[in-house]
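> For reference, the sequence and a predicted model appear below.
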Amino acid sequence: WMLVEVTPTVFTYERNPYYFKVDAEGNQLPYIDMVRDELVADVEMSTMKVLAGELDFLREDATLESLALYKESEEAGGYRVVLLDMHVTPVDISLSFTYPDPVWQKVVRDVRFRRALNMAINREEIIDAVYFGFAELPTAVPSVYDPQKANQLLDEMGLNKRDAEGYRLGPDGKTFVIPFEIAMHAADIVPVTELVVECWKKVGIKATMKTIDPGLWGTRKAVNELKATSMWTSLPVWHNFAHFFWGDTTIGPPWDLWYTTGGKEGEEPPAEVKRFLDLLYQSLAVSPEEVQKVRNEYLRLLYENVYFFNIVDKVKYSLIVSERLGNVQHKGFAITTNFAAEQLFFKP
């Protein structure tokens, strides 16, 4: 489609008569002559338009928390809900390994600390409370919930002293705090982070959470000012987007800068992190026969080192489509419908 008209709230596209794709019978694509893309104020407004039958297609703003409401109004709204797979792991937790605080770095770079926090996360509770059972335990990092073992590891690494409230003291004798700063990039980021904060408190790690403007979040992340945050990643899901992983998380902005500038800027990462990064980028340039071997190796390193906390996997995505819309997929990633929209058509 070609963009033919723009207003502050509506983008209008018309069919490109010279589009290069055809269907199996030789008919030129796309089938649909015009696309009208409307910008609304928020997710709630998108939901109201769905319920009123005013939309033919909605993916990005469709949420699991509204699934029951969507289903109740399917017939009246003239649409159907298709549950497909999410193309990312929606809320993953990352701690900055490079935040300029020696006490912070000493603690978070200790793999025992990351393993302890990882096994202190009650993922089954998160799957039930936030995703209504429409998710699975991750395989990219260990997913066993074992707060007793977590407490043991934290004690072993020297975080065995506590303040008056029962929170663990850092190497400097002060209460060690993990301060989350998150942005409302998606509806599940806040509730998932809140539950992780509570899980970590149960093993004596004081964590706090503050929401900030998405623009400010991006700025603070870029200049290495975030100690802890939550965001989606694609690394555990598909290898060909591995290079986006480093941008999704905040575990080492100066390390990334060092790597992408060939060591001219930033901070040189430890050898095992360089190996991990080498494998990520190598996976994009090797033959199809070598991809799985490389991917298995960087996933092994992720599993052992817990560079970030993969919370859940295989989350379902609510795709809202008009009953009149044909050629809608029934399995796979929901986002692929966006990239194959030329095959959609309206039934007579």
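On my side now, so go ahead. As the structure is a computational prediction, the values presented were derived from the model and not from experiment.
> Show me the helices in the stretch 201-348 of the chain, by range?
For the stretch 201-348 of the chain, the helices defined by DSSP state H, counting those that start in this stretch cover 214-222, 242-248, 253-260, 271-282, 288-305.
> Leaving aside the residues adjacent along the chain, what's closest to K49?
Nearest residue to K49 in three dimensions, chain neighbours excluded: L55, at 5.1 Å (C-beta to C-beta, 6 or more residues apart in numbering). Where you see a C-beta, it was placed from the backbone N, CA and C, and this is true even at glycine.
> Where does the one you found fall, secondary structure wise?
L55 belongs to no helix or strand when assigned by DSSP states H and E.
> Can you add distance to Y70 and mean neighbour count and give the helices of the stretch 201-348 of the chain back as TSV?
Shown next, in TSV, are the helices of the stretch 201-348 of the chain (distance: least, C-beta to C-beta, whole Å; neighbours: other C-beta atoms under 10 Å):
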stretch	distance to Y70	mean neighbour count
helix 214-222	26	15
helix 242-248	28	18
helix 253-260	39	20
helix 271-282	37	16
helix 288-305	35	15
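> Of all those, which one is nearest K201?
Closest to K201 of these, according to C-beta to C-beta: helix 214-222, at 23.3 Å.
> Quick one: residues in contact with that closest one.
181-185, 212, 226, 229, 250, 253 (C-beta atoms under 8 Å, 6 or more residues apart in numbering).
> List buried residues within those.
Listed as buried from the contacts of helix 214-222 are 181-183, 212, 226, 229, 250, 253; burial here means 16 or more other C-beta atoms under 10 Å.
> Mind putting those into a markdown table with pLDDT and distance to W104?
Formatted as a markdown table, the buried ones among the contacts of helix 214-222 follow (pLDDT from 0 to 100; distance: C-beta to C-beta, whole Å):
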| residue | pLDDT | distance to W104 |
| --- | --- | --- |
| E181 | 96 | 14 |
| I182 | 94 | 18 |
| A183 | 91 | 21 |
| I212 | 93 | 19 |
| L226 | 94 | 12 |
| T229 | 94 | 14 |
| T250 | 71 | 13 |
| P253 | 85 | 15 |
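> N16 reaches W1, doesn't it?
Yes - counting by C-beta atoms under 8 Å, N16 does reach W1; the two are 6.0 Å apart.
> higher neighbour count, these two?
W1 (18 against 13; other C-beta atoms under 10 Å).
> how about JSON lines for the helices of the stretch 201-348 of the chain, with distance to P191 added?
Converted to JSON lines, the helices of the stretch 201-348 of the chain look like this (distance: least, C-beta to C-beta, whole Å):
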{"stretch": "helix 214-222", "distance to P191": "17"}
{"stretch": "helix 242-248", "distance to P191": "19"}
{"stretch": "helix 253-260", "distance to P191": "27"}
{"stretch": "helix 271-282", "distance to P191": "30"}
{"stretch": "helix 288-305", "distance to P191": "25"}
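> So which of those helices is nearest M45?
Nearest of these to M45, taken as C-beta to C-beta: helix 214-222 at 18.0 Å.
> So the nearest residue to R109 once chain neighbours are set aside, which state does it fall into?
The spatial neighbour of R109 that comes closest, neighbours along the chain excluded (C-beta to C-beta, 6+ apart), is F97 at 5.6 Å. What DSSP: H, G, I helix; E, B strand; the rest coil gives for F97 is coil.
> For the stretch 51-200 of the chain, give me the ranges with low pLDDT.
Scanning the stretch 51-200 of the chain for pLDDT under 70 picks out nothing.
> Contact partners for the nearest residue to E304 once chain neighbours are set aside?
By the measure of C-beta to C-beta, 6+ apart, the closest residue to E304 outside its immediate chain neighbours is V111, 7.9 Å from it. Going by C-beta under 8 Å, 6+ apart, V111 touches 304-306.
> how close does V321 sit to V50?
Distance from V321 to V50, counting by C-beta to C-beta, to the nearest Å: 10 Å.
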